[in-house]
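Undergrad: Build me a model:
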Amino acid sequence: MKPSTFFRPVRSCRAVALAAMMSGCAVTALVAEPAAAQSVITATDSTIATVETVDSDTGEILLRAEDGDLFTLDVPLKRHALPHLDVGDRLSIRALKTLDATLAAPDSPVPQSTTSTARGYANRHPHGTLVTFRRRRVSVVSADADAHTLTVIDSAGTQREVVVKQKIFQPMLAQLKKDDKIDVTTMESVSFTVLNRVVAPNISVQQQAGAPVSPSAPSQPSAPASAGQ
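TA: All right, here's what the predicted structure looks like:
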């Protein structure tokens, strides 16, 4: 089972760890929509965690959840696009994972994986978001609609057989044939808010238009200066 793009567990005793949530088998999920090109949510989770260590060389951040379990957040090295994190920072973390799959057009290029980051503020707290689209192409070895099974092989030559348990997706198996290419995209989004830091509000100066002079109190012209002054 491959780890998540961003989260990796340090130990597996946590019952509902973000790392476990984010590390599903993509090929198994792919069978859910082999030709529909439909994106589905496969996992969501949230937690509160404290930063234990920050590795500036690798971008790895070690966090401890409120239940004591440890896991890591892998941050791209271009850290300027995210809020700065220090040891002791307390984070509110939300994670979302979706998946879609489409039949690849003949002779089309293999899709590339991408990662993006963003930063901002949530109620004056520093806020960051990491989004990765992990794209890969697999080839159909065999599809058996009656047995509800699909066998695929990836670019590394690894072959897997999976069972399509969801009835809503089983009719799609009949559309697949040997050597069909399927592009699978797993989207993983992780957002975090630094709870222990608040950004000071911006101070702005507003200029108001002058009030009109009241007709009952016209302004008096100033007396001309005396020639002797």
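Undergrad: all contacts plus neighbour counts: C-alpha atoms, from now on.
TA: OK.
Undergrad: Where does pLDDT dip in the chain?
TA: The chain contains residues with pLDDT under 70 at 1-38, 77-80, 164, 166-171, 201-229.
Undergrad: Could you pull out the helices in it for me?
TA: Under the criterion DSSP state H, the chain contains helices at 18-21, 26-30.
Undergrad: so where do the strands sit in this protein?
TA: Counting by DSSP state E, the chain has strands at residues 7-9, 40-54, 60-65, 70-74, 90-103, 114-122, 125-144, 149-153, 159-163, 181-194.
Undergrad: Adding distance to residue 200, write those out as TSV.
TA: Converted to TSV, the strands of the chain look like this (distance: least, Cα to Cα, whole Å):
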stretch	distance to residue 200
strand 7-9	31
strand 40-54	22
strand 60-65	26
strand 70-74	27
strand 90-103	18
strand 114-122	11
strand 125-144	9
strand 149-153	54
strand 159-163	53
strand 181-194	14
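Undergrad: of all the ones you listed, which lies closest to residue 174?
TA: With Cα to Cα, the closest approach to residue 174 among the strands of the chain belongs to strand 125-144: 7.4 Å.
Undergrad: Can you list the strands that the closest one pairs with?
TA: In the sheet, strand 125-144 lines up against strand 114-122 (antiparallel), strand 149-153 (antiparallel), strand 181-194 (antiparallel) (DSSP bridges).
Undergrad: can you dump the C-alpha coordinates of the first one into PDB?
TA: In other words, strand 114-122. C-alpha atoms of strand 114-122 as PDB (Å, rounded to 0.1, in the frame of the first residue of the first chain):
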ATOM      1  CA  THR A 114       1.300  18.200 -10.300                       C
ATOM      2  CA  THR A 115       1.500  19.800  -6.900                       C
ATOM      3  CA  SER A 116       0.300  23.300  -5.900                       C
ATOM      4  CA  THR A 117       0.400  25.300  -2.700                       C
ATOM      5  CA  ALA A 118      -1.300  28.400  -1.400                       C
ATOM      6  CA  ARG A 119      -1.400  30.500   1.700                       C
ATOM      7  CA  GLY A 120      -3.700  33.000   3.200                       C
ATOM      8  CA  TYR A 121      -5.600  33.700   6.400                       C
ATOM      9  CA  ALA A 122      -8.600  32.100   8.100                       C
END
